[in-house]
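A.B. asks: The sequence and its predicted three-dimensional model are supplied below.
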Amino acid sequence: MRYLLFLPIIFLFTVTQAQESNSLSFGIKAGLSTTSIDANQLIITDQDDLDRLGLAIKDAKYGFHAGMVLRVQINKFLIQPEILFNSSQVDYSADDLSGSSAVSDIINEKYQYVDIPVLLGLKWGPLRLQAGPVGHVYLNSRSDFSKLSDIDYQEEFENMTIGWQGNLGLDVWNIMIDFRFENNFSNFGTHLNFAGQDYEFDDKPSRFLFSVGYLF
C-alpha cells in the first residue's frame, strides 16, 4: 500500500536527528485499549428501499496493541514515531425491521490495523507530555454480517484513516508507561455497505490506550 511509503521517511528523519544529537533510543511496547462510540442507530434499507435492519453498536470490546518505538531526545524535546499492530472488535445489534422476525442478532466484527503514531513532546525528569497524528493502515477484518443472508453486505474499508493522540507518559529507569487519548477524523462504520448503499455512524470513535514498554 502506498501509504507505507511514509514509514521510511518518518524513520529516516528520526534517525538523522538522532545521529546529530546522539540520543536515539529503541524500544518495544504492548498494551490494551478501550473504544468509545456514542452513535445513533442506523436504518438499513434493502434493494427495494424498504427498512430492513436497525443496526446499533452494542459493545466496543477491549483491543490489544504491540510494536516498536523510536525516540529521539534533543534537550527536553522528544520525537517519537511508533509502529504498532492493533487488533480490536465491536459487537452490533441488528434488529429485523421487516416484520418477519422479532429476533435481534448480535453481529461481531474484528479488525486488524497497523497504527503509526508520530508524537512530539517535552520531557521533564520522568514525566512526558506528547501529542501528534496517528495513521491507521488497514490490514484485515472478519465479520459475522454474512449471517444476514437476505441482504447483501460488502466491506469497503479505507486503506488508511487519520486521527490524533495525546499522551501522558512516565519513564521509570528504562520502562515506559503511557496513558493516551485518541480521536479520529472519520466517522465509525464507513466500511459498511448494504445492498449497494454506503452507511456510517454519526460519531467519530475515540480510544483510551494504556501501554507498558522497554527502551534499550
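C.D. replies: Perfect, thanks for sending it.
A.B. asks: centroid residue for the chain?
C.D. replies: When C-alpha atoms, centre = their mean is applied to the chain, the residue found nearest the centroid is His136 (5.8 Å).
A.B. asks: Contacts only, for that one.
C.D. replies: By C-beta atoms under 8 Å, 6 or more residues apart in numbering, the contact set of His136 is Asn86, Tyr113, Val114, Asp115, Ile116, Met160, Thr161, Ile162, Gly163, Asn184. All C-beta spots, glycine's among them, are computed from the backbone N, C-alpha and C.
A.B. asks: so how far is Ile43 from the nearest residue to Asp46 once chain neighbours are set aside?
C.D. replies: Spatial nearest neighbour of Asp46, excluding adjacent residues (C-beta to C-beta, 6 or more residues apart in numbering): Arg52 at 4.3 Å. In this view, Arg52 and Ile43 are 8 Å apart by C-beta to C-beta, to the nearest Å.
A.B. asks: Tell me which of those two has more neighbours.
C.D. replies: Neighbour comparison, Arg52 and Ile43: the larger count goes to Arg52, with 23 against 13 (by other C-beta atoms under 10 Å).
A.B. asks: quick one: which of the contacts of His136 is nearest Lys58?
C.D. replies: If you rank the contacts of His136 by distance to Lys58 using C-beta to C-beta, Asn184 comes first, at 20.0 Å.
A.B. asks: Gly163 pairs with what?
C.D. replies: Gly163 has these beta-bridge partners by DSSP bridges: Val134, Asn184.
A.B. asks: Ala60 versus that one, what's the distance?
C.D. replies: Noted for Gly163: a distance of 15 Å to Ala60, by C-beta to C-beta.
A.B. asks: Thank you, goodbye.
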